[in-house]
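# the following block contains a protein sequence and its predicted model.
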Amino acid sequence: SPGHSHWNYADQMAWTSDFHSCGGASQSPINIQLSETIFDPSLRPFLLSGFDVPEDEKLKLKNNGHTVVLDLPDNLLIHNGLPQEYRAAQLHFHWGSRGAPGSEHSVDGKRYSGEIHVVHYSTEYSTIQEAMTQPGGLAVLGAFLEAGSEENPTYEHFLTYLPQVSNEGQDTEVPGFNISGLLPGRMERYYRYNGSLTTPPCFQSVNWTIFNDTIKLSERQISMLEDTLHRDDEEILQLNFRNAQHMHGRIILANFR
Ligand SMILES: NS(=O)(=O)c1c(F)c(F)c(SCCc2ccc(C(=O)O)cc2)c(F)c1NC1CCCCCCC1
Ligand SMILES: [Zn+2]
């Protein structure tokens, strides 16, 4: 998208000069300080529908120079865990480099190896472009990636296609699979706060959910994410996370003690 791609993660302070929302008081990501979270038992588990995409449906996987994005069909819906119904648009990742973690959110100062974001927009709007300018227009489900002892078979569904999108601007087709398998096994426990896109234009329209349970990938799978993708200038695409932003008095809810 024009004008959005000249920024970079090395000079995040410069974002605000071109994208004023980036200097706002409800920015993301944040550090989740557990002592500051407030218990809210009214936050219910999510109901996902349409997430098991048949394999004859092809999904576009694209390297846009800042992350790798999997476009989602328009029949994936979530509700219950949110005040209204939201439609999935795309999912993408943030990661580090060999030996350096790259999640965007952190918990009591701990940064994880990586983070998945499943981006949704309210079904009150017909397009994400319209929704992303409205408060509560977007809902992003975030979960942490950690290295474990086992291969994650669901992640293998798209990791094997990363070499085909190793350069900025490249895209390829991935057969459909069960997208909910990219999220933690248990999704009942989560944190909730109001924030923003973590990339320019940084619109403050995101209802954030960060799951308590993490996603386990093998070391090899984490390394695939860290070592395969490049930006236009042949630079390797790594450490694509924004620094933690100030809370400015915002509260973080947790639906579990
Ligand atoms: N964490 S996040 O959700 O804020 C986020 C990032 F941190 C991101 F870094 C990104 S990628 C950067 C924005 C971008 C650049 C180019 C293109 C393209 O050429 O198609 C598309 C997008 C990225 F795409 C997103 N999510 C997008 C934000 C862009 C505008 C709304 C579209 C869906 C959400
Ligand atoms: Zn993101």
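Happy to help now that I have it. Ligands and ions are numbered 1, 2, ... in the order given.
# continuing past the longest helix seen in the chain, what's the next helix or strand?
In the chain, ranked by residue count with DSSP state H as the criterion, the top helix is helix 219-227. Going down the chain from helix 219-227, the next helix or strand is strand 252-254, by DSSP states H and E.
# residues in contact with that following strand?
By Cβ atoms under 8 Å, 6 or more residues apart in numbering, the surrounding residues in contact with strand 252-254 are 30, 32-33, 36-40, 43, 189-193, 212. No exception for glycine: its C-beta is placed from N, CA and C like everyone else's.
# same question for stretch 52-67.
When contacts are defined by Cβ under 8 Å, 6+ apart, stretch 52-67 is touched by residues 5, 68-73, 76, 92-94, 158, 161, 164-180, 199, 229-232, 237, 240.
# roughly how far is that stretch from the heart of the chain?
15 Å (Cα atoms, centre = their mean, to the nearest Å).
# is ligand 1 contacted by that stretch?
Yes: legend: contact between stretch 52-67 and ligand 1 by Cβ under 6 Å from any ligand atom is shown at 64, 66-67.
# contacts only, for the nearest residue to Phe177 once chain neighbours are set aside.
Nearest-residue entry for Phe177: His157, 4.3 Å, with adjacent residues in sequence omitted and distances by Cβ to Cβ, 6 or more residues apart in numbering. Going by Cβ under 8 Å, 6+ apart, His157 touches 174-175, 177.
# look at His157 and give its secondary structure.
helix (DSSP: H, G, I helix; E, B strand; the rest coil).
# and the gap between it and Phe93?
Using Cβ to Cβ, to the nearest Å, His157 is found at 14 Å from Phe93.
# so what's Asn243 closest to, chain neighbours aside?
Gln12 (6.0 Å).
# what do you get for Asn80?
Leu47 (4.2 Å).
# now that neighbour: how far from Leu77?
In this view, Leu47 and Leu77 are 8 Å apart by Cβ to Cβ.
# got it, and Ser35?
Plainly put, Ser35 is 35 Å away from Leu77 if you go by Cβ to Cβ.
# quick check: most distant residue from the centroid of the protein.
Within the chain, the residue lying farthest from the chain centre (Cα atoms, centre = their mean) is Asp56, at 25.4 Å.
# next, that one: secondary structure please.
Per three-state DSSP, Asp56 ends up coil.
# where does pLDDT dip in the protein?
By pLDDT under 70, the weakly predicted segments of the chain are 1-5.
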